[in-house]
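K.L.:
Model the structure of this input:
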Amino acid sequence: MSKHSSISIKPTTIVLMTVVAIFMVATAAGKPHKKNVSEADVRKADYIFLESQRLKQQEKSDAYYELVSRAYELNPNDKYLGMEVGVSRMMLSEGDSAELENGLAMLADYAYSNPQDLYNCAKYAALADNLGHRKDALAMWDTLYRRNSERPEVALKYADLLTATIDSANLAKALDIYNHIEQAEGSMPLLTGRKIQVESIRRDTAAILREAELLLESSPNSSEYNSMVGITMMKLGRKDSALKYFDRAVELDPSSGAAYYHRASYYQMVGDSAGYDREVFQAMRQPDLDLESKLEILRQYVSELYRDSTQTGRITDVFGSIIDQYPHDAIVRKMYAEYLMLTDKTTEAAEQMGYAVDSDPSDETSWLQYTSLQLQGGNWQKTVDAAVRGLHYFPGNSRLIAMQAIGYNQMGKYESAINLLDEAIASADSTDTELMSELYTTKGDSYYAWEKKDSAFAAYSKAIELNPNNLGALNNCAYYLACEDRDLDKAEAMILKVVSEKPEDGTSLDTYAWVLFKKQDYVKAKEVIDGALENESAPSAELYEHAGDIYFMNKEPDEALEFWRKALALDPDNDLLKRKVKHKTFYYK
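P.N.:
Next comes the predicted model:
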């Protein structure tokens, strides 16, 4: 069955709650003391325990553990103190299995001595199950159920754990408990769903159908119940019956978003994309579904279709529908922007993220994404403007300052870029070596563009010193060293490190080929530049020009000329390229 069918249906009663409800009904447990502990130590332990609770409320875990452990040392017969120590050991164990087991044993000692303490007994059962001791967890829940059989939340949790074992005897016991709850509380989808789950494990189709029929008999005009029966029929592969119940659910409540969405799952299962879209749109339009539910539907819808480029129109339409309903909701705009980024629609993504920051300027991540999108789109002034606006709300954000500097750099305002980068470096966390390294890399790029070569290489060296694995700094430093015919062996070592990490990255391979070209290793350079061309979906003018130069030096002038022509088409104002194409030969400058 489609995962869409898992959309929850509102329960008709609030009686059945999760085990969280149990934790909210704690029963005070006594702290028995044995005679071999002096009254003075008992009083001292109680006092220290009370002091420890203050630290616990302040979330000072280590200090709390020290105090409660001291209290337990004074009164080791107090099992409640033992439990507190045990829980703390588990929390502070950092995954140490021995500490986890030791702490669990202390909690078990308390739980079995105080079965009236529902809260802590349930905590023990949950921790035991999480650590793989399901048998112990079941034993604890069995004890709790026997003492609290009238409490549906206890019965439900016990039955759910029994079902999870997939043991035939436990399944029968779980079914008995579900039936007991149903007798007390009446039919409801929550219970029917669990009973159907049990019967599905037992492969009892007749019992599954019987449960569905009984649910519907209890309230035949319930849209919710008809939807659930439809889901059951889909699981059983009875498509025609499923559609009948889904249609009935919509007929009974045309304003139910859940009813439309369940019917959408049917159309998806039978491969009717038009029907699926229609029902999804209907579900999204219904006011009874809150925004969170609609966003979940939207996530599922997009996740199924976004890899297929032919489905772009469908996804755009469904986003348009929800944006019409919530035009000023930042979350909706961000979701749409994220989808557009996945499909390489940078300009459109920037527009949507712009709406998002307008609606919610308090989201720092959104400002970073918005500014980055403007940068990726080559909108230098908009990059600067976005960074300035973001810095109004988040002054001193080093990444925003860095992107503003890159914008200035691309506009030829190198001094302004350098000043901003110095500001970013001064305000950044000096222990964040990755960020500091990126800032120095950008500073190196700015200095090189400003034709301050020595300062550029000094900045790159600092970037690599801070983070030897900064591939951007290694690539750029290697490339510019090659352009300057400086330290070519060093440049080759740098770019080889990058290529070993990114063997199919076109930019890195281009740099490597250019270093080899400068070292006059033309044969190897040709092999590498071919790899760069193969791995670059949209080669730049620079890549084509490098390819032309390398092919020319390999005595393949016709191929070289073709590459130069492609480069010139992308960069028609490049005088050096014009000369190469006109004279069909290589020029250094």
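K.L.:
ok, Ile201 - contacts?
P.N.:
Contact partners of Ile201, counting by CB atoms under 8 Å, 6 or more residues apart in numbering, are Thr163, Ile166, Leu171. Quick note: C-beta positions are derived from backbone N, CA and C, even for glycine.
K.L.:
if you set the cut-off to 10 Å instead, what comes out?
P.N.:
By CB atoms under 10 Å, 6 or more residues apart in numbering, Ile201 lies in contact with Thr163, Ala164, Ile166, Asp167, Ser168, Leu171, Ala174.
K.L.:
Same question for Leu175.
P.N.:
Per CB under 10 Å, 6+ apart, neighbours of Leu175: Ala159, Leu162, Thr163, Arg194, Lys195, Val198, Glu199, Arg202, Ala207, Glu211.
K.L.:
residues near Ser537, how many?
P.N.:
Around Ser537 there are 7 other residues, counting by other CB atoms under 10 Å.
K.L.:
Help me confirm that it comes into contact with Glu504.
P.N.:
No: using CB atoms under 10 Å, Ser537 is not in contact with Glu504; the gap is 11.7 Å.
K.L.:
circling back: and the two most separated of the contacts of Ile201?
P.N.:
Spatial extent of those (CB to CB) is set by the pair Ala164 and Ser168 at 13.6 Å.
K.L.:
how about low-confidence regions in the chain?
P.N.:
Scanning the chain for pLDDT under 70 picks out the ranges 1-35, 306, 308.
K.L.:
Now render the contacts of Leu175 as TSV, adding secondary structure.
P.N.:
Shown next, in TSV, are those (DSSP: H, G, I helix; E, B strand; the rest coil):
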residue	secondary structure
Ala159	helix
Leu162	helix
Thr163	helix
Arg194	helix
Lys195	helix
Val198	helix
Glu199	helix
Arg202	coil
Ala207	helix
Glu211	helix
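K.L.:
and which of these is nearest Ala337?
P.N.:
Set against Ala337, the nearest of these by CB to CB is Arg194 (39.9 Å).
K.L.:
where do the helices sit along the stretch 101-250 of the chain?
P.N.:
Assigned by DSSP state H, counting those that start in this stretch, the helices in the stretch 101-250 of the chain fall at 118-130, 134-147, 152-164, 168-185, 189-201, 205-218, 223-235, 239-252.
K.L.:
right, so these: which one is the most enclosed?
P.N.:
Of these, the one with the most neighbours on average (mean count of other CB atoms under 10 Å) is helix 223-235, at a mean of 24.
K.L.:
what angle do that one and helix 189-201 make?
P.N.:
Helix 223-235 and helix 189-201 are oriented at 10 degrees to each other (axes from the mean of the first three to the mean of the last three CA atoms, to 10 degrees).
K.L.:
Helix 223-235 packs against which elements?
P.N.:
On a contact count with 3 or more CB pairs under 10 Å, 6 or more residues apart in numbering; DSSP states H and E, helix 223-235 meets helix 189-201, helix 205-218, helix 239-252, helix 257-269.
K.L.:
ok now the first one, how far from the chain's centre?
P.N.:
Mean-position distance between helix 189-201 and its chain equals 31 Å (CA atoms, centre = their mean, to the nearest Å).
K.L.:
can you state the direction angle for it and helix 168-185?
P.N.:
160 degrees.
K.L.:
Same question for the second one.
P.N.:
In this structure, helix 205-218 runs at an angle of 10 degrees to helix 168-185, with the same axes, to 10 degrees as the basis.
K.L.:
orientation of helix 205-218 relative to helix 239-252 in degrees?
P.N.:
Going by the same axes, to 10 degrees, helix 205-218 makes 20 degrees with helix 239-252.
K.L.:
for Leu209, what are its contacts?
P.N.:
Ile196, Glu199, Val229, Thr232, Met233, Leu236, Arg238, Ser241.
K.L.:
Can you report how many residues neighbour the closest residue to Ser113 other than its chain neighbours?
P.N.:
Leaving aside its sequence neighbours, Ser113 sits nearest to Lys79 (CB to CB, 6 or more residues apart in numbering; 5.4 Å). Residues near Lys79, counting by other CB under 10 Å, number 22.
K.L.:
wait, isn't Lys79 in contact with Tyr112?
P.N.:
Yes: contact criterion CB under 10 Å: Lys79 and Tyr112 qualify, at 9.5 Å.
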